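Trainee: No letters, just coordinates:
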């Protein structure tokens, strides 16, 4: 892939993702469909997934952004269901789907079938969590899906390595496989624990938002490479570091946080868009490699494996949800009640993604003179499973959620809790302001002191006003109107600064300084509105 092809891929996928935001179709589905169509358009170059690029260069930043945005406290509170899905389910799916594929496909060795099972075992929850947030699913379900996606890749990659070694005759037994799994898991967590505190200290010590964000871009790659270098799981190392830094993000200065959020949103948007488009673009390469298997025969195998993947997830999810509750009074006391609808959503949200394809493409044709059996068929079945889950489950998940009428997020209760938290914080700020102003070293003219109190009062009242009445004409709360008028005033100031620059009464550098102050004020108003 040359530079022009890469630019074309990024530009086209970003444009399609932007279009998807204006339609009810989730962006991953539209991107995959567009890739499938584009793969047969004359003149479109061949885009082949390179596992040496996807796993070390694309997977770490995507995992890091997900980990930083996750709640460490929510994940800890839901560690049991998350672990059962991200570790237990992946290992179960590896064996179960592998055995079913072995029984379905004639002449497919069991070891190769287990490789297939490991490859298609980990769901990619990017699309699922996006749909969950958009439709307002309960926070616990979203947390479980997101937590599963953070760890299951590490489990699947390790299971794949063990199954691959067995497939090429390296004689890995159960003991050796468990040892390798333990080394990868414990080693990855250990590397993350070793790196997270020094990295956080370095971020705080740099004292320059530009340097801090440059470091932020390097963190996932450093954590992944360090863990892989010692034979541990780079995925887990990235997740541990990301969770810690996200939990401690409040200790970094505001400028760094603002820049970091904007930078990582852009990075995640570009990577996710390009990755889903790449999935669809793999079709010609996968079909051409079928070799001795006819398209009709391979299609039947694909349907069988797809059904197996879907059914096996439900076979695991329902017992894993209810059996622990039935057998443990402590779990019943600690965790909220669940009915049959929640595991149905979690089970149907098991869409596969780029990690499965990247692992499949990394299967070597020959290892130490031993050819991997049925490699092209395994690649084809992985591709069809990824496409099948994204299209079938991705398209039907939103209507399923609406049909089940799951209790959504209680926005009134959330707003009330936000208002109470802001009220407590404002009281603390007011007490500190009173103590500071009582010291003659902090003496301020009364208008400036009143301005500090006014800003504090508006911040305290803003959330309460969302619970109150609205303007009968505009439908706005008083705080909505305040923000709108504030932006209108900022727009008027901005126009004057530009006119003064054009009239040569101020230079460009001064104009940029003045505009930046307005931008920060407008950003604060916009952030409050979007958070509300």
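Mentor: Looks like it arrived, so ask away. Given the structure is predicted, the values throughout are model-derived calculations rather than measurements.

Trainee: buried stuff in stretch 198-211?
Mentor: 199-200, 203, 206, 209 (16 or more other C-beta atoms under 10 Å). The way it works is simple: take the backbone N, C-alpha and C, and place the C-beta from them, glycine included.

Trainee: how about CSV for those residues, with pLDDT, secondary structure and distance to residue 480 added?
Mentor: CSV is the format used below for those (pLDDT from 0 to 100; DSSP: H, G, I helix; E, B strand; the rest coil; distance: C-beta to C-beta, whole Å):
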residue, pLDDT, secondary structure, distance to residue 480
199, 96, helix, 40
200, 95, helix, 38
203, 91, helix, 36
206, 89, helix, 38
209, 86, helix, 31
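
Trainee: can you map out the helices along the stretch 51-200 of the chain?
Mentor: Ranges of helices within the stretch 51-200 of the chain are 51-53, 59-69, 72-77, 79-83, 90-104, 110-119, 126-134, 139-167, 174-206, based on DSSP state H, counting those that start in this stretch.

Trainee: between those, which has the poorest average model confidence?
Mentor: Per-stretch mean pLDDT for those is lowest at helix 126-134 (a mean of 65).

Trainee: ranking the helices of the stretch 51-200 of the chain by burial, who's on top?
Mentor: helix 110-119 (a mean of 27; mean count of other C-beta atoms under 10 Å).

Trainee: any idea of the angle that one forms with helix 90-104?
Mentor: Using axes from the mean of the first three to the mean of the last three C-alpha atoms, to 10 degrees, the direction of helix 110-119 lies 140 degrees away from that of helix 90-104.

Trainee: how far does stretch 233-245 sit from the chain's center?
Mentor: Distance of stretch 233-245 from the chain centroid (C-alpha atoms, centre = their mean, to the nearest Å) equals 13 Å.

Trainee: Show me what it is in contact with.
Mentor: 56, 59-60, 63-68, 70, 72, 75, 150-151, 153-154, 157-158, 184-185, 187-189, 191-193, 195-197, 199-200, 203, 219-220, 223-228 (C-beta atoms under 8 Å, 6 or more residues apart in numbering).

Trainee: between the buried residues of stretch 198-211, which is closest to residue 338?
Mentor: residue 200 (35.8 Å; C-beta to C-beta).

Trainee: what's the closest of the helices of the stretch 51-200 of the chain to residue 321?
Mentor: Shortest distance between residue 321 and the helices of the stretch 51-200 of the chain, using C-beta to C-beta, is found for helix 79-83: 7.3 Å.

Trainee: helices and strands around the closest one, which ones?
Mentor: Contacts defined by 3 or more C-beta pairs under 8 Å, 6 or more residues apart in numbering; DSSP states H and E place helix 79-83 against helix 139-167, helix 295-327.

Trainee: The ones you listed: which one's closest to residue 521?
Mentor: helix 139-167 (31.7 Å).

Trainee: pLDDT value on residue 469, please?
Mentor: Confidence score, pLDDT, at residue 469: 59.

Trainee: Next: residue 525.
Mentor: Reported pLDDT for residue 525: 65.

Trainee: Distance of the residue in the chain sticking out farthest from the centre relative to residue 140?
Mentor: Within the chain, the residue lying farthest from the chain centre (C-alpha atoms, centre = their mean) is residue 440, at 50.3 Å. Residue 440 sits 53 Å away from residue 140, going by C-beta to C-beta, to the nearest Å.

Trainee: what's the answer for residue 423, then?
Mentor: Counting by C-beta to C-beta, the gap from residue 423 to residue 140 is 27 Å.

Trainee: Got phi/psi on residue 289?
Mentor: Main-chain dihedrals, residue 289, degrees, to the nearest 10: phi -90, psi 10.

Trainee: circling back to that earlier point, using a markdown table, please lay out the helices and strands packed on helix 79-83 together with distance to residue 435.
Mentor: Shown next, in a markdown table, are the helices and strands packed on helix 79-83 (distance: least, C-beta to C-beta, whole Å):
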| stretch | distance to residue 435 |
| --- | --- |
| helix 139-167 | 38 |
| helix 295-327 | 51 |
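
Trainee: Show me the one of those that comes nearest residue 42.
Mentor: The nearest among the helices and strands packed on helix 79-83, by C-beta to C-beta, is helix 295-327 at 21.3 Å.

Trainee: and the direction of the closest one versus that of helix 139-167, what angle?
Mentor: Going by the same axes, to 10 degrees, helix 295-327 makes 120 degrees with helix 139-167.

Trainee: what distance separates helix 295-327 from the centre of its chain?
Mentor: 24 Å.

Trainee: Packing partners of the helix or strand following that helix?
Mentor: Sequence order places helix 329-334 as the next helix or strand after helix 295-327, per DSSP states H and E. The contact analysis (3+ C-beta pairs under 8 Å, 6+ apart) places helix 329-334 against helix 295-327.

Trainee: Now do the buried residues in the helix it packs on.
Mentor: Applying 16+ other C-beta under 10 Å to helix 295-327 flags 298, 301-302, 304-306, 308-310, 312-313, 315-317, 320-321, 324 as buried.

Trainee: residue contacts, residue 344?
Mentor: 400, 404.

Trainee: circling back to that earlier point, and the buried residues of stretch 198-211 as JSON lines, adding distance to residue 463?
Mentor: Conversion of the buried residues of stretch 198-211 to JSON lines gives the following (distance: C-beta to C-beta, whole Å):
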{"residue": "199", "distance to residue 463": "34"}
{"residue": "200", "distance to residue 463": "30"}
{"residue": "203", "distance to residue 463": "30"}
{"residue": "206", "distance to residue 463": "34"}
{"residue": "209", "distance to residue 463": "28"}
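
Trainee: how much space between the residue nearest in space to the middle of the chain and residue 322?
Mentor: Residue closest to the mean C-alpha point of the chain, counted by C-alpha atoms, centre = their mean, is residue 66 at 3.8 Å. Note on residue 66: its distance to residue 322, by C-beta to C-beta, is 28 Å.

Trainee: For the nearest residue to residue 113 once chain neighbours are set aside, give its distance to residue 305.
Mentor: Excluding the flanking residues, the one nearest residue 113 by C-beta to C-beta, 6 or more residues apart in numbering is residue 102, at 3.8 Å. Separation of residue 102 from residue 305 (C-beta to C-beta) stands at 11 Å.

Trainee: Show me which parts of stretch 496-516 are buried, residue by residue.
Mentor: By neighbour count on 16+ other C-beta under 10 Å, the buried set for stretch 496-516 is 497, 501, 506, 511, 514-515.

Trainee: Quick check: of these, which lies closest to residue 361?
Mentor: Residue 361 lies nearest to residue 515 out of the buried residues of stretch 496-516, by C-beta to C-beta, at 47.5 Å.

Trainee: Touching, the closest one and residue 497? I think so.
Mentor: Yes: when contacts are counted by C-beta atoms under 8 Å, residue 515 is listed as touching residue 497 (6.1 Å).
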